[in-house]
Every structure is written in C-alpha cells, then in structure tokens.
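J.: Sharing a model that was predicted from the sequence below.
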There are 2 protein chains.
Amino acid sequence: MNDVVKSCPMNGAESLLRTLVENGVEVCFANPGTSEMHFVAALDRVSGMRPVLALQENVATGAADGYGRMTGKPACTLLHLGPGLANGLANLHNARRADSPIVNIVGDHATTHLQYDAPLTSDIHGFARPVSEWVYTSSSSQQVGADAARAVRVASESPGQIATLILPADIAWNEAESVASCLAPSTPATVSAETVHRVAELLNSGLKTAILMRGAALLEPGLTAAGRIAEKTGARLLCDTFAPRIQRGAGRVAVERLPYFSEQVVDFLAGTELIVLVGAKPPVSFFAYPDKPSWLTPEGCRLTRLTEAHEDSLQALEDLAHACGATQTEPFRTRHKAPEYALDGDVNAEFVMQVIARYLPENAIITDESASSGFPYYDITETAAAHDYLNLTGGALGSMMAVSIGAAIACPERKVINLQGDGSAMYLLPSLWTQARENLDVVTVVYSNRSYNILDNELKRVGAMHQGQSAASLMSLENPSINWLSLASGMGVRAVRTETRKSFDMVFREAMQCSGPQLIEVVL
Amino acid sequence: MNDVVKSCPMNGAESLLRTLVENGVEVCFANPGTSEMHFVAALDRVSGMRPVLALQENVATGAADGYGRMTGKPACTLLHLGPGLANGLANLHNARRADSPIVNIVGDHATTHLQYDAPLTSDIHGFARPVSEWVYTSSSSQQVGADAARAVRVASESPGQIATLILPADIAWNEAESVASCLAPSTPATVSAETVHRVAELLNSGLKTAILMRGAALLEPGLTAAGRIAEKTGARLLCDTFAPRIQRGAGRVAVERLPYFSEQVVDFLAGTELIVLVGAKPPVSFFAYPDKPSWLTPEGCRLTRLTEAHEDSLQALEDLAHACGATQTEPFRTRHKAPEYALDGDVNAEFVMQVIARYLPENAIITDESASSGFPYYDITETAAAHDYLNLTGGALGSMMAVSIGAAIACPERKVINLQGDGSAMYLLPSLWTQARENLDVVTVVYSNRSYNILDNELKRVGAMHQGQSAASLMSLENPSINWLSLASGMGVRAVRTETRKSFDMVFREAMQCSGPQLIEVVL
C-alpha cells in the first residue's frame, strides 16, 4: 500500500492536507459529499489528521468552536458546498462571537462546472462572509497548500478568527507539487507602557472601579494578575454574561458575571465610577425591550480600555499589577464549599446545579446552554472544584451540544458536562451520535421543562401580554412530549431519566465516576 | 377579551400579519425568539393564519417549500435573527431550486439596538441574499404592511420566488395605522405566436426530438397538451432528474426522467437531434467528475426554447398542440399495473419501491430523498395510482423530511409518503415532532443501509480509489448504529422496523389504510 501511495503524484487535496498537518492542524470535523471525496481519500495517505464524522454540519462547526476554545488553535472543518456550509453557519456565528480559531474548509463544484448552475451551485462566498474574517477560493492545485498555510495563519490571529477556504473539486483532484511551509505564528499585540500607566493612575484615583474581562484574561494566569490588582485597589472583577471560556472554582480568583437582563445589570453596576475593559466591550443588553436601556454603562461612569480583544491581555494585566505595586500581593482565591441540600422536595433547577457543583470532578469542563433553567444558578458552581466554564456566545441554540464534542476531543482526560434546555438540545440531536461514535466523556444534562420557557418570559417582558392559544402553541414543547431516553438511545448514548431529588443525586454522582457519553433527563 | 383587543392600537406586527392574511397567506411555519414575540402575540388577535411550530428552522423553511409546491402560493416563515435564518438556509436553497413561493420573515434586533453589536447581531442581509430574489428590511411600522404586500407579490411572481422580509423588533412593536391592500397578482408572461410557430416547424421537420419540461408543464393540463404533441409528432417527453413536482401514475401522460449520472444521460439522449426546453434548462451533470462531461446536450443536437421558467408553459403547450394540429389527438396515458413480487428472498430497495407502488393510494404525494436506495427504482411507481412526486431539487439533504410537512398541510385529504435514506433523514429529525404535533398524514420510509452509500459510490467515481480506514469511517453510519424506532417514538411518531419482505409488505399496506404520522424503518 505504501509503495502505491508513494508512486501516486500528490494531488491538490493531499497538498492541502499535508500543509494543514504541517501547520499544526490535527483534527478535521467533517460532513463531506461528492465534491470533497479527494480530500477524504487523502486522509488515508496523510498521517496526523484525525477525521471526526458529523451527521449535520452544525455539529462539525460547533465542535471546531469547542476545540478552538480549549486549545487556542484551529481544527479544520470539511463541509459540502453552499448548503453544507449553510447548515453550519449558526455555530460559526457562535464561534465568531467566541473568538474561536477555525479553518473552515468548504468544497465546491469543479471550476469548470460552475458555469452550468447545477442544483448544488450557490453563492458560497455570500454564505461565508457574515461569519468569516477571511474567505478565499483556491484557484490552483499548485497553490492550495500555500492557501491552507495562510488560512491557518488567519485563523490563529489573536484572539482567534474564522478563515473560510473554498476548495473546488478540480483544485483537489488536479496535480500538485508541494506542501507549503509553515507561516510564522502571529503574536498578540502588546499594549503600550503609556496605556498601562494611564489605567494604573485611574485605578489609584479612588474611583469605584470594575474591571470587565474577556479572553485570555479569564484563564488562570490572567485571573491571578487581575486578582492581585483587585486585592490591592479594591476593584471588582467582572466578566461578560456569555464569556466564551472562564476558569473558575476552588483555588481560582473569582470573577462576577454580568446578569442577563438589562435592569439587573443596571442594579449590578449602580455606583460604578470607572469600568476598565480588558479584551471586552462595554456592557449592552442581549435584546432590546420597549422602554428599557440597551447601553448599560451607568450614567457618568468613565469607560477606559486596557486591551482590545486582539491585544495581549495577560501581559497587560501583569504589567498593570506591577504598575499598581501588586506583584507580590496575594489574590483572594475561592475556597471549595460543597452545597448542602435536602433530598426530599421538588426537583428544581437550583437543586440540579447544587448536585452538579457537589460532584463536579477536578478539572471538568462545563458547556452551558441551559438557558432559563440553569442560568440563574451559575453562582452555585463558583465554589465547586476548579473547572472551565464555556458559554453560549452568540445566542444561536444548538451550540453546546457540539461544543462539548470539541472540548472532549481537545481534552480527553477531562470530564465534560453539557447543560441543555430541552428546547435548545432539539436543534442538534445528531451531536449525540458523534459523542457515541468517538466515545467522548460527555455527560449531557437535559433540563426537561417541556417548553420554550425563556420565550414565555420574553413574551411578557416585551409587553405582549395577551397570550392566547396561538402564542401558547409556539411556546410549548408538549403535544407530543419529547422522550429523551428514546432519542439518546436511538443514537447510541445511554440515558437515564430522573424525577426525584434522590435519583438525580445518585445518577449524576455515578455519571461522574464512569466515563463515556451519557444523557440524564431531569424532569422539572 | 375582544373589547380589550379592539381598544389596543394596532402595532407593526399586527399590521404585517393582517396584510399577509389579506393577501392570501394562511400558514406560518415558525421558530420564533424574543425579537419575534410581538408577531407571535399578534397571532392571537388576527384570525386566518395557522401557526405551525418547528423545533429547528430548516423544518420551517422546508415545510414552506412543500406547501408552495403543492398550492402554488406562499406560506410565510417566522425565523429568529441571523442565526435562525442561517439554520433555515439549506432548505431555502432547495426551495429556490424548486421555484417555490415563500415569504421568508426574519426578525431582527430593534433598529436602535443594532449599533451595540449584541451577541445575536449578524449580517442578515448577507445570509439571505444567496437564497432570496428580494431582501428588504422594514424601516417603519406605518409601512410594514405595504412591505408585506410587496413581499407576497414578489414571492408569487411566476414561477415562484423567495422574498425575505426582515422585521426589526421595534418595527413590530411600534404603532401602525393600517393594513395594506392586496397588490394585483402577477401572471406569467405569454410566449409569442412566433415562438410557438418556430417550435412547431422544428417539431414537424422530422428531427428526432425530446421535449424537456419543468414547472407547470408537469401538472396534468400541461402533460395532456404535451402528450398530444408527442403522440402527433413522435417527440419524447422528458423531465429533469430532480423536477420539483410532477403528476404521474395511472391515467396520466408519462414523462421520462433524465438519469442521474452523466454517462447515463449521454446514452439516454444519444441520437437526439432537437431538444425543446419548456420551463427547463439544458441538461447538465449534477457533479463534475474528472474526464466526464458536464454539458450533456449531444453534439450536433439543436437546443430550442418554447418557454423560460417564468413564462406560461401551459398556454404555450396548448398553443403548440394547436399549431401542430394535435388539439384533437388523444395522448397516450399510463395504465395502472400492480407490480408483482415474491414475498420470500432478501429485502432490497427494488422490492421496497414495488410495495410502495402496489399499495399507493389514489392521489398520494411522494416526497423522495431516498438517494442511492430509491433513485434507481423511480420507474416502478410510474404505473401506480395517480400521484404527485416531489424531488430533492437543490441537493441539500434533510429537505423532504420537512417538505412532507408542508405538502401534508397543503393537502390534508391526501396521503404523503416520504422516502428517506438513513443518512439524509438524520439532518432534520425534529421534522418528526412537527408531524406528530400537527397529526399529519405522513408515512416516512427509512431505507436503513447504515451508510452514506451514495458517497461510497462517488468516492470510486471520482477516481479516489485507495479507500482506507479514515475514508471508510466517514462513509459509515455504523458504530453506533441508529435506532429509528427510538428516534421516531422519542418524538411522538409511531414506528415499526421491518426486516423481511413479508413484514414490510404488511406494514406498508396497513400504513396506507390508517392515517397520522408513522415511520417505517426498512432494514436493507
């Protein structure tokens, strides 16, 4: 076999694939079709690329998002023309909002075939543009390797970007010469000493200050630096409602999360005189509502910026700690505290989070799309064992079903706990199949309230008060009710339903002690 | 309640909704979010619009496609911002390729909120453009009714188009005055007498002729006119491989379908000297392959056009029959013939289609996404009872799961039989839930071969011969295998698995005799 392979001239697909591997891309989340067959065939001639099959494209793109968040480096996708890309766009939207690095590879018809407007022909550039920092169509098998190297470079730009490379079928099958060499990785821009000095002076001016952080600032070294500054200056440490990734739990520096609803944020920030932005944007509401504010910086509060998203927040925070004289200051770190709860009484969302916090293993990853159920109880896991918490960044539902896959592949030694509303989980059921196929250590907890509960709330909030039968029918997930045990087992994932406190406590504890994919339906 | 409603001033959402109803739009396939809540609330104040909940957006857009194909008039969708639209794009691609009329309504943030780039903000225009003939963002509650009337008009333009209307939340909630009046419906353009005369002369010139038809030409009146012409002149009647809709079966004029693979088309058209296009485009291959042609009109064959897609094909065919002196000619009509088969032996895809043909009730609708399994046996249903056959027009998988919903809602008295590959059905499982919710008379037959069988073929065809472990892993739907009974019952659809000829014969026959959604897994 090896001799046969060696005697084949390299085609464009192989040049592309070898270049990706050469440039550090190790995983390909794929849902290929006919136009991608040469790429697929090349996977057996090139070592170093792990193909992971997704049965719907948002599984592939969402998994690439999760992988990018946990590793800081891009996976690639492999999608089938415009419609395949279209099916993956919602999770590319989330990935863009998470600043995740992704090399998004989309096959196309052969360049000679496009003129005929065959059924699958579409404006792939048009679909890709809203979610991509860079879109490029390879036009030569000789250069597709270089195109791939550029795509990796673009994707890896701080803080992480989506680079879409369109691969026409004939560019994949025509003869190529070589593998492109690795482009020097870019490093995040460093903020100036003047900026650090200016922020330090403001911090020392006695203003009531909040430091709003995102990106690298929310990983352990950044948190430690920020914790020193907070301890020294009295500033509060904040993160966005939907930070892409935050390291928290016992032993870590705690960060307060901005609440979801605008009126809650107003209360939360009341009295704040200075907000320092570290890789974050000023707080705004998720949705607009009649007669409620969208802009949430308190009136009269000063906004200043330490770092933009693409700048080196860790270095800047360490410089700022130095400028504040806090280098030796010991930050306050969260102490482990197991929640206490009774095993009688109704099962509610608060109880679910208490159980999760209690049994969370060291170094777990929580991917959270529990929406109206889990959201109010985020603070409960603050004092659990140290863990990473990944949020739904772009609001497109069906994200975390797939992000959990990428996180589990990126970190095979760590337990992933995926929190899902029943409404949100329905968007991307085939994620479960990939979890089973790859035997990933993901435990999905479905909060089964049989409704789009969040919309029921929102309907009232927007002032649309007269809920009749039609509106009610669009909020309810009853009639028929969804049987999560059937759905999960239909895709090879073992599943358990719990209806009492005692059973969820037991089932979740046991799930933390074994490995492999599992789904727990919690009836609320 | 009525008094309260009357005393409310009308808002933009209500003006929009009342205008849609006024303009003949009766069904709304919806997956709403917060920004669509005023539209949702208005549904209870306006009669005449049936809301149908979809748990993933491709269900909504695909259902609108099916509804449009069967009624010739638009349903509307209701989607949640850019990501909601993104999730529905693949089936809008198919709908565009089917020339289906759709009023595609996409909510957006309030106009005042867009400046803040909140997490769900995206380039909705950018997402919509590749699939829409018309994209417009309403900018005033006073005018949104008029915008809706224009959208209906655009969608209804012959042969059917997608009109995307973007509805910012504040346009929905601000006060409106009135309902827009109905725009005069457009009628398809009529071809000139000269064109008809020219084509008639060519038909009478003794050339070996094929008439390739699409759109209205494939419905009964068009078929009858075409049948007269064929009988008189000896021309063959052809349709595209993936005609959006064709009426066929016993009592109808038969039309030959172009084969799928390019080399088959070459054989099929060999010797043809004239191709007359009736609402169709010249035949091209679905995909390009190395060393195979994309353009499939035989060398030296003359191409002429009777009608463009937007022109009145029925009128043109009747005029052409007249010009050929065929008005009184009796066309050849298909005779009913029940297939004969043995009940012992292996279950294969041919047998499945024989059973379907045998028990097909009068006036059923077949929606076909059976790909490599069902495709070769299309001819078997030719002599079944009269029925409509809807094809996967744009190649984006997951289409017919949803198209069957729209067809069933459009034609509640007719049985819908949805043929699915197991790979393709996985793209859009929540379709089953909507089928159950609406108690639709859809029987889904899943050809369970546990592989992307079509790709396995394609891998060989593109000349990528060295299939190793990686390629194989991307073709197989085993490990884990999918349990269709669990998946269907998990969404409230009763399901049966058949593994023998006898059992499929019995189960399918019984399914034709009762009503309501059902899924039959045929193990191949």
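T.: Sure thing, it's come through. A quick note: this is a predicted structure, and the numbers were derived from the prediction, not measured.
J.: A:R494: neighbouring residues, count only.
T.: Using other CB atoms under 10 Å in any protein chain shown, A:R494 is surrounded by 15 other residues. Just so you know, the C-beta spots here come from the backbone N, C-alpha and C atoms, and that holds for glycine as well.
J.: my bad, A:L303
T.: Neighbours of A:L303 under the rule other CB under 10 Å: 12.
J.: List every C-alpha atom in the longest helix along chain A, with coordinates, as CSV.
T.: The helix that spans the most residues within chain A, counting by DSSP state H, is helix A:81-97. Taking C-alpha atoms only, helix A:81-97 is exported to CSV below (Å, rounded to 0.1, in the frame of the first residue of the first chain):
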residue,chain,number,x,y,z
LEU,A,81,-20.7,23.2,-0.9
GLY,A,82,-23.0,26.1,0.0
PRO,A,83,-25.8,24.1,1.6
GLY,A,84,-23.3,22.2,3.8
LEU,A,85,-21.8,25.5,4.9
ALA,A,86,-25.3,26.9,5.4
ASN,A,87,-26.1,24.1,7.8
GLY,A,88,-23.0,25.0,9.8
LEU,A,89,-23.4,28.8,9.8
ALA,A,90,-25.3,29.2,13.1
ASN,A,91,-22.5,27.5,15.0
LEU,A,92,-19.9,29.5,13.1
HIS,A,93,-21.8,32.6,14.2
ASN,A,94,-21.3,31.4,17.8
ALA,A,95,-17.7,30.6,17.1
ARG,A,96,-17.1,34.1,15.7
ARG,A,97,-18.6,35.5,18.9
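J.: ok and it relative to helix B:81-97, angle-wise?
T.: Inter-element angle recorded for helix A:81-97 and helix B:81-97: 180 degrees (by axes from the mean of the first three to the mean of the last three CA atoms, to 10 degrees).
J.: Show me what helix A:81-97 is packed up against.
T.: Judged by 3 or more CB pairs under 8 Å, 6 or more residues apart in numbering or on different chains; DSSP states H and E, helix A:81-97 is in contact with helix A:57-71, strand A:75-80, strand A:102-108, helix A:124-128, strand A:162-168, helix B:81-97.
J.: can you give me the strands for the stretch 101-250 of chain A?
T.: Ranges of strands in the stretch 101-250 of chain A, per DSSP state E, counting those that start in this stretch, are A:102-108, A:134-137, A:162-168, A:209-213, A:236-239, A:245-248.
J.: Can you point out the buried residues in the host helix or strand of A:I356?
T.: Assigned by DSSP states H and E, A:I356 belongs to helix A:349-359. Along helix A:349-359, these residues count as buried under the neighbour rule (16 or more other CB atoms under 10 Å in any protein chain shown): A:349, A:351-359.
J.: pLDDT (mean, whole number) over the very next helix or strand once past it?
T.: Using DSSP H and E, the next helix or strand after helix A:349-359 towards the C-terminus is strand A:364-369. Averaging pLDDT along strand A:364-369 gives 98.
J.: Partner strands of strand A:364-369 and their direction?
T.: Pairing partners of strand A:364-369, with direction, according to DSSP bridges: strand A:387-391 (parallel), strand A:416-421 (parallel).
J.: Ranking those strands by mean neighbour count, which comes first?
T.: Across these, averaging neighbours per residue (mean count of other CB atoms under 10 Å in any protein chain shown) puts strand A:416-421 on top, at a mean of 28.
J.: going on from it, what's the next piece of helix or strand?
T.: Remark: after strand A:416-421, the chain's next helix or strand is helix A:422-425, criterion DSSP H and E.
J.: what's the spacing between the helix or strand just after that following helix and its chain's center?
T.: Using DSSP H and E, the next helix or strand after helix A:422-425 towards the C-terminus is helix A:430-437. How far helix A:430-437 lies from its chain's middle: 18 Å, per CA atoms, centre = their mean, to the nearest Å.
J.: Which neighbouring elements make contact with helix A:430-437?
T.: Contact here means 3+ CB pairs under 8 Å, 6+ apart; on that basis helix A:430-437 packs against strand A:50-53, helix A:57-71, helix A:400-410, strand A:442-448.
J.: What's the mean pLDDT across stretch A:191-203?
T.: 98.
J.: Ok, stretch A:333-351 next?
T.: 97.
J.: can you list contacts of it?
T.: Stretch A:333-351 is contacted from outside by A:227, A:248-254, A:354-355, A:357-358, A:370, A:373-374, A:376-377, A:380, A:382-385, A:447, A:498-502, A:504-505, A:522-524, using CB atoms under 8 Å, 6 or more residues apart in numbering or on different chains.
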